[in-house]
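Colleague: pasting the structure only:
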């Protein structure tokens, strides 16, 4: 009989997603840590994110995952297990963990994903790793074991992964080192340059979420508060969807260009499958309005969206450990590295 203490872990740059098999829920919190006195954890998750850009000097708010890899190992480990103990109904001690890892990362970076569990007080029964795009496809309900080409574009906060999958493996995968955060930065610099207004990252993020559109013509507006560069005082300003579109257009075009480059490298038989089934887009960044239409226009291939795009990896991980058909997709580093 299979243990109920199984956790599917997707350590995202912006959000930490954990599928807990014991209660069948996905825990989803901001992957943010607030540190006081240089090394003491003051807060984490959504509470720490609420302090971002608002904390006094003695409290540092940091993001432990940068470009899809673990940048702050100790704090990430502390946050992860505190979060699990507080929210997960199952026991973490002796549990099984399956962790999504980005493609195109080094063995050392992969080992860090494994170590964060093996070198913890939880003493896990096993830690398995799975390539993120494969977990994504399984989470979308696709059978990756078939000899059929599947194209998944996962737009995260710091990375965008474009992958072609067939027969349970990655045929082609390309990791771009930019995602939703780069869009926020471009909104900040565009508004500063054109309107002499300095805005915070959270404001830029809400502009992207409320007004962002991949095609021209959206007519919504939003009032924001920023600091006037000239007077130095805070002022209100109305921002239109057109302004946000102009700010993010180049980055979206860049993703389109990379999708085309991958399609050009795809073997013809797999390309035929992709034209038939369409391109799948996931990740938090895929929620930008009409992004599917933009990708469709550029590639002439239909684009499929999903309901909870940021949670598809965590959904896929649990399916991979629970379903015998998919078990071979996850692997352990222990055998190769720890001996």
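Modeller: Noted; the coordinates are in hand. Keep in mind that what you see is a predicted model, and the values were worked out from it rather than measured.
Colleague: what helices and strands are in contact with the helix or strand harbouring residue 18?
Modeller: Under the criterion of DSSP states H and E, residue 18 resides in strand 15-20. Strand 15-20 is packed against strand 6-11, strand 25-30, helix 73-87, helix 312-322, with contacts defined by 3 or more Cβ pairs under 8 Å, 6 or more residues apart in numbering; DSSP states H and E. No exception for glycine: its C-beta is placed from N, CA and C like everyone else's.
Colleague: neighbouring strands - and their directions - for it?
Modeller: strand 6-11 (antiparallel), strand 25-30 (antiparallel) (DSSP bridges).
Colleague: got TSV for those, with mean pLDDT and mean neighbour count too?
Modeller: TSV is the format used below for the strands paired with strand 15-20 (pLDDT from 0 to 100; neighbours: other Cβ atoms under 10 Å):
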stretch	mean pLDDT	mean neighbour count
strand 6-11	94	26
strand 25-30	93	17
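Colleague: what about this structure, any weak spots by pLDDT?
Modeller: Applying pLDDT under 70 to the chain picks out residues 1-4, 90, 334-339.
Colleague: the top helix by length along the chain: how far from the chain's middle?
Modeller: Determined from DSSP state H, the single longest helix within the chain is helix 241-265. In this view, helix 241-265 has its centroid 18 Å away from the chain centroid, taken as Cα atoms, centre = their mean, to the nearest Å.
Colleague: next secondary structure element downstream of it?
Modeller: helix 268-277.
Colleague: tell me how far the residue with the largest distance to the centre of the chain lies from residue 126.
Modeller: What lies farthest from the middle of the chain is residue 231; by Cα atoms, centre = their mean that is 38.2 Å. Computed with Cβ to Cβ, to the nearest Å, the distance linking residue 231 and residue 126 is 60 Å.
Colleague: same check on residue 281?
Modeller: Distance of residue 281 to residue 126, computed by Cβ to Cβ: 32 Å.
Colleague: more neighbours, those two?
Modeller: It is residue 281, of residue 281 and residue 126, that has more neighbours when counted by other Cβ atoms under 10 Å, with 25 against 17.
Colleague: return the residues in contact with residue 109.
Modeller: If you count contacts by Cβ atoms under 8 Å, 6 or more residues apart in numbering, residue 109 has them with 69, 70, 101.
Colleague: give me the subset of these lying in strands.
Modeller: Judged by DSSP state E, the contacts of residue 109 include 69, 70, 101 as members of strands.
Colleague: is the second one in a bridge, and if so with what?
Modeller: The one in question is residue 70. residue 65.
Colleague: the closest residue to residue 27 other than its chain neighbours: neighbour count?
Modeller: Once flanking residues are discounted, residue 27 sits nearest to residue 18: 4.6 Å by Cβ to Cβ, 6 or more residues apart in numbering. Residue 18: 22 surrounding residues under other Cβ under 10 Å.
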